[in-house]
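# after the sequence you'll find the predicted model.
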Protein chains: 2
Amino acid sequence: MVDYYSGHSKYLFAVDCVVFGYEEGELKLLLYPRAFEPVKGKWSLMGGFVMPQESCEQAACRVLHQTTGLQNIFLEQVATFSDPNREEYTRVISVVHVALIDIRQHNHELVREMGAEWWPLSNLTELIFDHKDMIREALELLQRKAGYSLVGIELLPDKFTLLQLRKLYEAIYQRKFDAGNFRKKVLSLDALERLEEKNLTESRKGAFYYRIRYSQSDTETERIVKF
Amino acid sequence: MVDYYSGHSKYLFAVDCVVFGYEEGELKLLLYPRAFEPVKGKWSLMGGFVMPQESCEQAACRVLHQTTGLQNIFLEQVATFSDPNREEYTRVISVVHVALIDIRQHNHELVREMGAEWWPLSNLTELIFDHKDMIREALELLQRKAGYSLVGIELLPDKFTLLQLRKLYEAIYQRKFDAGNFRKKVLSLDALERLEEKNLTESRKGAFYYRIRYSQSDTETERIVKF
DNA sequence: ACAAAAGTGTTTTCTCTACACCCATGA
DNA sequence: TCATGGGTGTAGAGAAAACACTTTTGT
């Protein structure tokens, strides 16, 4: 390989993952006590260095798989943080990704082994470096996307009731929705399929389960579904 | 400085700028014949390597200043392209930025010296590497932002008529807008200020000039175009 | 009987859109 | 006078919001 660019500086290049989950009616973030120096032991987002043969998206997938056991999860680039002094000791450029996972499906043992914990978004702990800014930008992206797609469904189990879906959206947007209007709006998108099964644990009457209708073509992207 | 991260690979880190201008009723892109190997002479976005003491935003500003003579222009991060094979010879990670400039205000001599040219968006030349993808993502971001802010105004002179503004938005969205409705919608945002001066060159009757009302807070975030 | 969620329907309000219409003026 | 853009007003379609009301069933 010819080195056309000799003379230009090279930099450490990492990814950080803002991992959202949803439990007990609120959004939660998966945080880790940092495993290496500097600031070892302090709470941080999960991250890792990009290896020579992978893109940053692939690196983020690898990191998430190693830490949660999950594959094929929703993952999207948020922004790149490149302030030369963002870490106190060495210059590291970091590409932030946001991931949405169903808390019940990840590998709990793996997560426990690493000392990770799910922190409520409304009550986060102190975080290293600029990780708080990363979380803010990731949440803003999530809110924007939820406005024109059902992206949040990644946070729920495969089948869910409309009450569960509404509570999730209320958590994402930090506000209430009218139950009737929410139902009509979501169903009008024609992206959900009603199952014959009912959830009988959350109401007297029982509520039908729904799931995403994957059979749909991609052409119904009129402010909905872009995965 | 302690090297906590020895053992991890380092990479070349660059910025590329998608520079939009607006002239003769259409969006144009500023492209350059590449000044160095590899693929020297081929058309490309303007880019440059990030230096040790600057962030990628600062690097993009510097590159734009060096090539257009402009400072304090609209500039925003689009995405980071990090495929290990995106350049054919060496691995370079690139953060793409989008910039909007008023074509009449930049330094024409500087641009001409470098052999740069304004290409209509509808008829671009062949470009190196993944620069076409970068342009596509930058345009998508521009359209999204134009939907909830008057971002496009950066492409016009300080004072402009509503006809000029409408033509600009028609260029950004590649579709027509009703003249009356566009006027009412834009003025309802309460972000423009009418000057006493009229433009008499583009219509018989003459049209008032407007300019951005900078006194406003950021509350002009109402929707301009409905998708 | 009551409470709580499920589910449906109605009314009101607001915005987008299409389009009619007058104004001013250069050619 | 005609064409062109400037500028205003209005009626209809459709969505969003507010909310009334009925159903179901565990307690």
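That came through, no problem. Numbers count the residues shown, from 1 in each chain, chains lettered A, B, ... in the order given.
# only C-alpha atoms for contact and neighbour calcs from this point on.
Noted.
# now the end-to-end length of stretch A:77-86.
This stretch, stretch A:77-86, spans 19 Å end to end (Cα to Cα, to the nearest Å).
# that one: how far from the chain's middle?
18 Å (Cα atoms, centre = their mean, to the nearest Å).
# how about that stretch and chain B, any contact?
Yes: shown here: stretch A:77-86 in contact with chain B (Cα under 8 Å from any Cα of the partner chain) through A:77, A:78, A:79, A:80, A:82, A:83, A:84.
# so where is chain A shaky, pLDDT-wise?
Within chain A, the segments meeting pLDDT under 70 span A:1-3, A:214-227.
# mind listing the helices for it?
Residue ranges of the helices in chain A, as given by DSSP state H, are A:56-68, A:108-113, A:131-146, A:162-173, A:179-188.
# residues making contact with the fourth one?
Taking contacts as Cα atoms under 8 Å, 6 or more residues apart in numbering or on different chains, the residues outside helix A:162-173 that touch it are A:22, A:25-27, A:142-143, A:152-153, A:156, A:176-177, A:179, A:182-183, A:207-210.
# buried subset of these, written for PyMOL?
Those of the contacts of helix A:162-173 that count as buried under 16 or more other Cα atoms under 10 Å in any protein chain shown are selected in PyMOL with:
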select buried, chain A and resi 22+26+27+142+143+152+153+156+182+207+208+209+210
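# among the contacts of helix A:162-173, which lie within strands?
Residues of these located in strands (DSSP state E): A:22, A:26, A:27, A:207, A:208, A:209, A:210.
# for the second one, which non-adjacent residue is closest in space?
In space, not counting the residues next to it along the chain, residue A:26 is nearest to residue A:171; the distance is 5.5 Å by Cα to Cα, 6 or more residues apart in numbering or on different chains.
# surely residue A:129 and residue A:90 touch.
No: with contacts counted by Cα atoms under 8 Å, residue A:129 stays clear of residue A:90, the gap being 11.8 Å.
# how deep is residue A:103 tucked in, by neighbour count?
Counted with other Cα atoms under 10 Å in any protein chain shown, residues neighbouring residue A:103 total 19.
# residues contacting it?
Residues in contact with residue A:103 (Cα under 8 Å, 6+ apart) are A:21, A:22, A:23, A:155.
# which residues does the second one contact?
Residues touching residue A:22, when contacts are defined by Cα under 8 Å, 6+ apart, comprise A:28, A:102, A:103, A:155, A:156, A:168.
# if we go to 7 Å?
By Cα atoms under 7 Å, 6 or more residues apart in numbering or on different chains, residue A:22 lies in contact with A:28, A:102, A:103, A:155.
# against residue A:156, how distant is it?
Distance from residue A:22 to residue A:156, counting by Cα to Cα: 7 Å.
# between those two, which contacts overlap?
Listed as contacting both residue A:22 and residue A:156 by Cα under 7 Å, 6+ apart are residue A:102.
# ok so, going back, can you tell me which of the residues of stretch A:77-86 next to chain B is nearest DNA strand D?
Taking Cα to the nearest atom of the strand as the measure, DNA strand D lies nearest residue A:78 of the residues of stretch A:77-86 next to chain B, at 26.0 Å.
# these two touch, right, the closest one and residue A:97?
Yes: assessed by Cα atoms under 7 Å, residue A:78 is found in contact with residue A:97 at 5.2 Å.
# what about stretch A:178-186 and DNA strand C, touching?
Yes: using Cα under 7 Å from any atom of the strand, stretch A:178-186 reaches DNA strand C at A:179, A:180, A:181, A:183, A:184.
# report the two of the residues you listed separated the most.
Between any two of these, the greatest separation by Cα to Cα is 8.8 Å, found for A:179 and A:184.
# interface residues of chain A facing DNA strand D?
So far as Cα under 7 Å from any atom of the strand goes, chain A lies against DNA strand D at A:178, A:179, A:180, A:181, A:185, A:204, A:205, A:206.
# and the furthest pair within those residues?
Farthest pair in the residues of chain A next to DNA strand D (Cα to Cα) is A:185 and A:204. Separation: 24.0 Å.
# near DNA strand C too, which of the residues of stretch A:77-86 next to chain B?
Among the residues of stretch A:77-86 next to chain B, no residue is within reach of DNA strand C (Cα under 7 Å from any atom of the strand).
# show me which residues of chain A sit near chain B.
A:1-4, A:9-13, A:37-38, A:51-56, A:79-80, A:82-84, A:89-90 (Cα under 7 Å from any Cα of the partner chain).
# do I have it right that residue A:74 meets residue A:99?
Yes: look at residue A:74 against residue A:99 with Cα under 7 Å: they come within range, at 5.5 Å.
# the more surrounded of those two?
Legend: neighbour count by other Cα under 10 Å for residue A:74 and residue A:99, higher for residue A:99 (22 against 16).
# would you mind stating the distance between that one and residue A:164?
Distance of residue A:99 to residue A:164, given as Cα to Cα: 20 Å.
# quick check: bridge partners of residue A:26?
Applying DSSP bridges to residue A:26 gives these bridge partners: residue A:23.
# and if you look at residue A:81?
Counting by DSSP bridges, residue A:81 is bridged to residue A:94.
# how near is it to DNA strand D?
For residue A:81, the distance to DNA strand D (Cα to the nearest atom of the strand, to the nearest Å) stands at 34 Å.
# residues near the closest residue to residue A:30 other than its chain neighbours, how many?
Spatial nearest neighbour of residue A:30, chain neighbours left out: residue A:118 (4.6 Å); criterion: Cα to Cα, 6+ apart. Residue A:118 is flanked by 19 other residues according to other Cα under 10 Å.
# ditto for residue A:21
With other Cα under 10 Å as criterion, residue A:21 counts 24.
# same check on residue A:64?
Residues lying near residue A:64 (other Cα under 10 Å) number 23.
# does residue A:41 touch residue A:33 like I think?
Yes: look at residue A:41 against residue A:33 with Cα under 7 Å: they come within range, at 4.7 Å.
# ok, the two, which is more surrounded?
residue A:33 (18 against 13).
# surely the more buried one touches residue A:46?
No: the pair residue A:33 / residue A:46 is not scored as a contact, 8.9 Å apart, by Cα under 7 Å.
# which non-adjacent residue is nearest residue A:28?
Of all residues not flanking residue A:28 in the chain, residue A:120 sits nearest, at 4.3 Å (Cα to Cα, 6+ apart).
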